[in-house]
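In: Structural data only, the sequence is not supplied:
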């Protein structure tokens with residue numbers, strides 16, 4: 001009885017692995033070298049990536065702290081009440097008769113005065129301009145313009161502050177004084193008709209450097225070339241002139257008092273083009289942070305020009321990855337293996353020869 005042939009088992013798909021050499025040479029699967037963070041290039045790259053942003057954050061936090069968290073008020077300058085009512089009390093009624101006291105004697109050393117002692121004795125403090133003030137006024141102006149004496153010497157002037165001039169007007173009347181401050185206003189003022197030839201003055205309102213926020217009024221005969229004028233200036237100057245009196249003027253709220261000085265001209269230096277009177281910490285911080293941002297961008301760009309870091313590609317579609325694979329059946333694979341075995345050369349085997357002891 002002849003046995004019927006058994007059905008051949010179904011051919012199974014066999015996946016033939018690609019060559020290892022081709023896999024190693026594939027750019028998609030090429031191994032990537034590990035980054036050496038101890039190399040100078042990597043250290044430079046990390047520095048530019050970390051340090052500039054950290055500095056920007058520190059500057060921003062410092063600015064926010066000064067703006068929002070620092071509630072300490074700056075020490076206030078000593079204030080002086082310049083209202084006339086605070087000095088002399090409320091003005092008397094209409095039916096009250098005031099008798100002017102005798103002039104107070106001037107202190108010695110009258111040789112250094114800008115006017116005669118007799119003319120200065122007629123000047124009264126806490127008043128507006130009076131007819132009795134004219135002699136001392138024009139004598140001081142003549143002294144300032146005198147070609148024999150020359151401009152007032154800075155070294156001969158006594159350095160004073162607002163409190164001294166305001167509190168001791170009699171002691172400083174007609175004396176040469178020196179002080180610093182900021183001119184906030186400078187106007188042209190016409191002069192009254194006079195036999196001395198003065199036609200106009202420059203009236204300056206100066207904020208003293210030592211405080212308080214009360215003005216010293218100065219009448220200048222001339223100004224340096226190019227000095228700005230107006231009601232909204234802010235020019236730092238030094239003034240050397242003769243103290244005249246404590247002058248009463250009509251302020252926006254009430255009658256106030258201010259020291260009044262006569263001077264030839266202020267000592268003033270023009271600012272460089274583009275300079276500002278007051279520095280702004282906000283502007284400085286903004287400019288600094290902008291510069292750091294630009295520096296960081298340049299550093300990151302320079303660091304990115306080094307060797308690129310290769311990231312191994314992740315295979316996406318399995319069908320696309322197996323598109324180039326050679327797939328054969330089981331029978332075909334066995335046939336190819338048998339043919340390769342027959343084609344391989346035979347190796348001869350010789351006995352092993354041992355070396356004698």
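Out: All right, it came through fine. Everything quoted here is computed from the prediction, not taken from an experiment.

In: can you pull the contacts of residue 236?
Out: Residues near residue 236 by CB atoms under 8 Å, 6 or more residues apart in numbering: 180, 181, 182, 183, 268, 277. C-betas here are computed from N, CA, C, even on glycine.

In: by contact count, what packs against the helix or strand hosting the second one?
Out: When you say that, I think you mean residue 181. Using DSSP states H and E, the element containing residue 181 is strand 176-190. With contacts defined as 3 or more CB pairs under 8 Å, 6 or more residues apart in numbering; DSSP states H and E, strand 176-190 has these neighbours: strand 158-159, helix 162-167, strand 200-208, strand 216-220, strand 235-250.

In: out of these, nearest to residue 146?
Out: strand 235-250 (12.3 Å; CB to CB).

In: buried sites along the closest one?
Out: Going by neighbour count (16 or more other CB atoms under 10 Å), the buried part of strand 235-250 is 235-248.

In: cool, stretch 86-93 as well?
Out: The neighbour-count check on stretch 86-93 (16+ other CB under 10 Å) flags nothing as buried.

In: what's in contact with it?
Out: Against stretch 86-93 from outside (CB under 8 Å, 6+ apart): 81, 85, 98, 126, 257.

In: would you turn the helices and strands packed on strand 176-190 into JSON lines with mean pLDDT and distance to residue 56?
Out: Listed next are these as JSON lines, based on pLDDT from 0 to 100; distance: least, CB to CB, whole Å:
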{"stretch": "strand 158-159", "mean pLDDT": "94", "distance to residue 56": "46"}
{"stretch": "helix 162-167", "mean pLDDT": "95", "distance to residue 56": "44"}
{"stretch": "strand 200-208", "mean pLDDT": "97", "distance to residue 56": "38"}
{"stretch": "strand 216-220", "mean pLDDT": "98", "distance to residue 56": "45"}
{"stretch": "strand 235-250", "mean pLDDT": "97", "distance to residue 56": "35"}
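
In: how about the ones you listed, which one is nearest residue 227?
Out: For those, proximity to residue 227 was assessed by CB to CB; strand 235-250 is nearest, at 6.8 Å.

In: related to what we said a few turns ago, can you add distance to residue 292 and give the helices and strands packed on strand 176-190 back as a markdown table?
Out: Formatted as a markdown table, the helices and strands packed on strand 176-190 follow (distance: least, CB to CB, whole Å):
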| stretch | distance to residue 292 |
| --- | --- |
| strand 158-159 | 44 |
| helix 162-167 | 43 |
| strand 200-208 | 37 |
| strand 216-220 | 44 |
| strand 235-250 | 33 |
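
In: returning to what we had before: buried ones only from the contacts of residue 236, please, as a ChimeraX command.
Out: In ChimeraX, a selection of the buried entries from these looks like this (16+ other CB under 10 Å):
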select :181,183,268
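
In: Residue 61: which of the contacts of residue 236 is nearest?
Out: Minimum distance to residue 61 across these is 28.8 Å, recorded for residue 277 (CB to CB).

In: What pLDDT does the model give that closest one?
Out: For residue 277, the model assigns a pLDDT of 46.

In: What of residue 291?
Out: 74.

In: Could you list the low-confidence segments of the chain?
Out: 1-33, 37, 69-77, 92-111, 149-150, 273-286, 289, 297, 299-328, 344-357 (pLDDT under 70).

In: And it, what are its domain boundaries?
Out: 50-70+282-303, 104-263 (automatic domain parsing).

In: Kindly compare burial across these and name the winner.
Out: Ranked by average neighbour count under the criterion mean count of other CB atoms under 10 Å, the domains of the chain are headed by domain 104-263 at a mean of 17.

In: Switch the contacts of residue 236 over to TSV; also include distance to residue 201.
Out: Formatted as TSV, the contacts of residue 236 follow (distance: CB to CB, whole Å):
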residue	distance to residue 201
180	21
181	18
182	20
183	14
268	17
277	25
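
In: Kindly indicate which of the contacts of residue 236 lies nearest residue 162.
Out: If you rank the contacts of residue 236 by distance to residue 162 using CB to CB, residue 181 comes first, at 8.6 Å.

In: How about the contacts made by the nearest residue to residue 198 once chain neighbours are set aside?
Out: Closest residue to residue 198 apart from its sequence neighbours, by CB to CB, 6 or more residues apart in numbering: residue 191 at 4.5 Å. Neighbouring residues of residue 191 by CB under 8 Å, 6+ apart: 198, 199, 200, 201.

In: Could you rerun that using 10 Å?
Out: By CB atoms under 10 Å, 6 or more residues apart in numbering, the contact set of residue 191 is 137, 138, 141, 197, 198, 199, 200, 201, 219.

In: Need the max-distance pair from the residues you listed.
Out: Farthest-apart pair in the contacts of residue 191 is 197 and 219; separation 15.7 Å (CB to CB).

In: In a helix, residue 340, correct?
Out: Yes - secondary structure of residue 340 (DSSP: H, G, I helix; E, B strand; the rest coil): part of a helix.

In: distance of it from residue 332?
Out: Computed as CB to CB, to the nearest Å, the residue 340 to residue 332 distance reads 13 Å.

In: more neighbours, these two?
Out: residue 332 (12 against 9; other CB atoms under 10 Å).

In: Tell me the secondary structure at that one.
Out: helix.

In: Residue 295 - that's part of a strand, no?
Out: No - per three-state DSSP, residue 295 lies outside any strand segment and is helix.
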